[in-house]
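Participant: I would like to see how this sequence folds:
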Amino acid sequence: MSSIAEQSNTNEAHHAHQPARGFKRWLFTTNHKDIGSLYLIFSLTMFLIGGAMAMVIRAELFQPGLQLVDPHFFNQMTTMHGLIMVFGAVMPAFTGLANWMIPLMIGAPDMALPRMNNWSFWILPFAFLILLASLFMPGGGPAFGWTFYAPLSTAFSNDSTALFVFAVHIMGISSIMGAINVVVTIVNMRAPGMTWMKLPLFVWTWLITAFLLIAVMPVLAGAVTMVLTDKYFATSFFDAAGGGDPVMFQHIFWFFGHPEVYIMILPAFGIISTIVPTFSRKKLFGYASMVYATSSIALLSFIVWAHHMFTTGMPVAAELFFMYATMLISVPTGVKVFNWVATMWRGSISFEVPMLFSIAFIVLFTLGGFSGLMLAITPADFQYHDTYFVVAHFHYVLVTGAVFSIMAGAYYWLPKWTGNMFNITLAKWHFWLSLVSVNVLFFPMHFVGLAGMPRRIPDYALQFADFNAIISIGGFAFGLSQLLFVVVVYKCAKGGDKVPAKVWDGAHGLEWEVDSPAPYHTFSTPPDIK
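Facilitator: Here you go, the predicted model:
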């Protein structure tokens, strides 16, 4: 009998060490690389769904008049587009990059809490299924904008609000678990000798982002819970008739919402700070100042929330405070841009696809930063508020900022992930088509905004017709260009030229070591004085 028991135990042990295959492998995986890939595939899917909704918006606005969709459905599209792009595309993409790269960068075998890592991913698809399913409810899905201002989201919304609140709670839980995992991994699992000031900048930016997430996600949870109780349980948090205040909703939402926009851009800074030195063949200029600048951006992001609310009737002293605080936050951002340019200065630059996206990021993100500085000026904001100028500003920051950096990171690390080099010609087509179309899409929005065209409207005055046609053409071109990205990623995952361990050293068009003269001065040794 004992030998049978031993045999049984041996069989069980053998089966326990058999790797799961097919769907089970992905469902139960605790491997940080698998989970990183799941996040990235999910975010790409959401990017395409959110992009399809943007296409609906731009098709409706191609010419004046109501032609394709009714105004209520148009509002649902603007709401869902914003929610999906912020919570479904950008944030999971950065989390996927964090899962893939942080353990590799700090010399850890995996993330600190692998089972929680699995759970934090697998609740996300259900959150977005719930959110998308709300579109099919009687009366349609949420139509109150991604900022869901009360009383639009309380007194004047339909019953899909309950599904929206539930979905946001699940997303928030996922984000908090992912952030805790990042913090614990970086604090506890660094390789011996990897001190804080030796961490790669991508790791630093994600550590700071994770603290932001842990700080502000509960604030969002509180806001949506109050919306839920106002709508269904007769509370009056945001109802003036019951002693509440709809402006309080804005304060609570933007106390989450402003750090949130930095959650969507700080990891981008880390990616760009990794790529620019590689293709400039130089160390990053001013490493310590980059770390301190990132930390100060994170701290300052908590004291600028009311710059979204200049037109709500704040005291002048408060408007001045938020104006100056907002201007102040541009200083550490300027330090970063200076350091990237200084890194490239007199470097031996090669314009590979990741570098092209990084340079486009630096130029266009800076442009978005300048329009943000304009919006910081209180009396000017009275004119710009709720116009297409604001839409232009935050899309320059989030599309040519966050999305371009994600693409730069994907092209930079894809060969490392797959062992194959992607199709460089197709990737360059993707870059140039995206670069041209994204500017045709968003730059004219500055003009229609300054001329007074309000945002979130399904119809507009005849004077804006020409610019809107151009914007929509740019939108469709940009949307279609992203299909090239899907093709490049798919072909790379399936096969291609094999790459060496050090992907970007000398291989695949980087013959700088052999063919190019050394840079005039690398700053590692004093220059020759002739």
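Participant: going by C-alpha atoms from here, please, whenever you check contacts or count neighbours.
Facilitator: OK.
Participant: what's near enough to touch Gly82?
Facilitator: 50, 145-146 (C-alpha atoms under 8 Å, 6 or more residues apart in numbering).
Participant: same question but for Thr378, I mixed them up
Facilitator: 307, 310, 319-320, 323.
Participant: hey, where'd the helices end up in the stretch 351-500 of the chain?
Facilitator: Here the stretch 351-500 of the chain has its helices, by DSSP state H, counting those that start in this stretch, at 353-376, 378-384, 388-397, 404-418, 424-450, 465-494.
Participant: pick out the residue nearest the middle of this structure.
Facilitator: With distances taken as C-alpha atoms, centre = their mean, Val90 lies nearest the centre of the chain, 3.0 Å away.
Participant: pretty sure it is touching Ala402, no?
Facilitator: Yes. Checked against C-alpha atoms under 8 Å, the pair Val90 and Ala402 is within contact range at 7.0 Å.
Participant: shared neighbours of those two, anything?
Facilitator: Met264.
Participant: average pLDDT across stretch 38-49?
Facilitator: Stretch 38-49 carries an average pLDDT of 98.
Participant: and stretch 216-229, how far from the chain's centre?
Facilitator: 21 Å (C-alpha atoms, centre = their mean, to the nearest Å).
Participant: burial measure for Met197, as a count.
Facilitator: Using other C-alpha atoms under 10 Å, Met197 has 11 neighbouring residues.
Participant: so it, which state does it fall into?
Facilitator: helix (DSSP: H, G, I helix; E, B strand; the rest coil).
Participant: OK, contacts around it?
Facilitator: Ala288.
Participant: any idea how far it lies from Arg190?
Facilitator: For Met197, the distance to Arg190 (C-alpha to C-alpha, to the nearest Å) stands at 12 Å.
Participant: same check, this time on Ala150
Facilitator: 45 Å.
Participant: okay, those two: which has more neighbours?
Facilitator: The residue with more neighbours, out of Ala150 and Arg190, is Ala150; 24 against 19, by other C-alpha under 10 Å.
Participant: tell me who's in contact with the more buried one.
Facilitator: Shown in contact with Ala150 (C-alpha under 8 Å, 6+ apart): 227, 238, 246, 249.
Participant: can you pick out the most distant pair from these?
Facilitator: Farthest apart among these by C-alpha to C-alpha are Val227 and Pro246. That separation is 10.6 Å.
Participant: what touches both of those two?
Facilitator: In contact with both Val227 and Pro246: 150, 238, using C-alpha under 8 Å, 6+ apart.
Participant: the two: who's more crowded?
Facilitator: Legend: neighbour count by other C-alpha under 10 Å for Val227 and Pro246, higher for Val227 (28 against 16).
Participant: surely that one and Thr154 touch.
Facilitator: Yes. If you go by C-alpha under 8 Å, Val227 and Thr154 touch, sitting 5.9 Å apart.
Participant: any idea which helix is longest in the protein?
Facilitator: helix 201-232 (DSSP state H).
Participant: which elements pack onto it?
Facilitator: helix 91-106, helix 160-188, helix 246-263, helix 266-280, helix 287-300 (3 or more C-alpha pairs under 8 Å, 6 or more residues apart in numbering; DSSP states H and E).
Participant: buried residues, that helix. List them.
Facilitator: Judged by neighbour count (16 or more other C-alpha atoms under 10 Å), helix 201-232 contains these buried residues: 201-214, 216-221, 223-228, 230-231.
Participant: then stretch 91-99?
Facilitator: In stretch 91-99, counting by 16+ other C-alpha under 10 Å, buried: 91-99.
Participant: need those in JSON lines (columns: pLDDT).
Facilitator: Shown next, in JSON lines, are those (pLDDT from 0 to 100):
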{"residue": "Met91", "pLDDT": "98"}
{"residue": "Pro92", "pLDDT": "98"}
{"residue": "Ala93", "pLDDT": "98"}
{"residue": "Phe94", "pLDDT": "98"}
{"residue": "Thr95", "pLDDT": "98"}
{"residue": "Gly96", "pLDDT": "98"}
{"residue": "Leu97", "pLDDT": "98"}
{"residue": "Ala98", "pLDDT": "98"}
{"residue": "Asn99", "pLDDT": "97"}
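Participant: out of the residues you listed, which is nearest to Phe269?
Facilitator: Nearest member of the buried residues of stretch 91-99 to Phe269, counting by C-alpha to C-alpha, is Phe94, at 11.3 Å.
Participant: wait, that closest one touches Ile406, no?
Facilitator: Yes. Here Phe94 lies in contact with Ile406, judged by C-alpha under 8 Å, at a distance of 7.2 Å.
Participant: returning to what we had before: now the angle from the longest helix of the chain to helix 266-280?
Facilitator: 160 degrees (axes from the mean of the first three to the mean of the last three C-alpha atoms, to 10 degrees).
Participant: what's the distance between the closest residue to Thr235 other than its chain neighbours and Ala342?
Facilitator: The spatially closest residue to Thr235, leaving aside those adjacent along the chain, is Thr229, at 5.7 Å (C-alpha to C-alpha, 6 or more residues apart in numbering). Distance, Thr229 to Ala342, using C-alpha to C-alpha: 52 Å.
Participant: got it, and Leu61?
Facilitator: 42 Å.
Participant: and these two? Which one has more around it.
Facilitator: Remark: of Leu61 and Ala342, Leu61 carries more neighbours, 22 against 14, as counted by other C-alpha under 10 Å.
Participant: correct me if wrong: the more buried one contacts Ser472.
Facilitator: Yes. Using C-alpha under 8 Å, Leu61 is in contact with Ser472, at 7.2 Å.
Participant: any stretches of this protein with poor pLDDT?
Facilitator: For the chain, the stretches flagged by pLDDT under 70 are 1-19, 506-530.
Participant: the same query, at a cut-off of 50, please.
Facilitator: 1-2, 6-16, 507-527, 529-530 (pLDDT under 50).
Participant: neighbours of the nearest residue to Tyr412 once chain neighbours are set aside, how many?
Facilitator: Spatial nearest neighbour of Tyr412, chain neighbours left out: Pro354 (5.4 Å); criterion: C-alpha to C-alpha, 6+ apart. By other C-alpha under 10 Å, 28 other residues sit near Pro354.
Participant: cool, Asn118 as well?
Facilitator: 22.
Participant: could you do Trp504 as well?
Facilitator: Residues near Trp504, counting by other C-alpha under 10 Å: 18.
Participant: SS state for it?
Facilitator: coil.
Participant: from Ala306, how far out is it?
Facilitator: Distance from Trp504 to Ala306, by C-alpha to C-alpha: 44 Å.
Participant: for Ser481, same thing?
Facilitator: For Ser481, the distance to Ala306 - C-alpha to C-alpha - is 37 Å.
Participant: more crowded one of these two?
Facilitator: Shown here are Ser481 and Ala306; by other C-alpha under 10 Å, Ala306 has more neighbours (23 against 20).
Participant: contacting residues for that one?
Facilitator: Going by C-alpha under 8 Å, 6+ apart, the list of residues near Ala306 reads 251, 254-255, 322.
Participant: what about 10 Å?
Facilitator: For Ala306, the contacting residues are 250-252, 254-255, 258, 312, 314, 318-319, 321-323, 326, by C-alpha atoms under 10 Å, 6 or more residues apart in numbering.
Participant: what subset of the residues you listed is buried?
Facilitator: With burial judged by 16+ other C-alpha under 10 Å, the buried subset of the contacts of Ala306 is 250-252, 254-255, 258, 319, 322-323, 326.
Participant: would you format those residues as a markdown table with distance to Lys498 included?
Facilitator: Below are the buried ones among the contacts of Ala306 laid out as a markdown table (distance: C-alpha to C-alpha, whole Å):
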| residue | distance to Lys498 |
| --- | --- |
| Gln250 | 52 |
| His251 | 53 |
| Ile252 | 51 |
| Trp254 | 48 |
| Phe255 | 48 |
| His258 | 43 |
| Glu319 | 57 |
| Phe322 | 53 |
| Met323 | 53 |
| Thr326 | 48 |
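Participant: cool, thanks, talk later.
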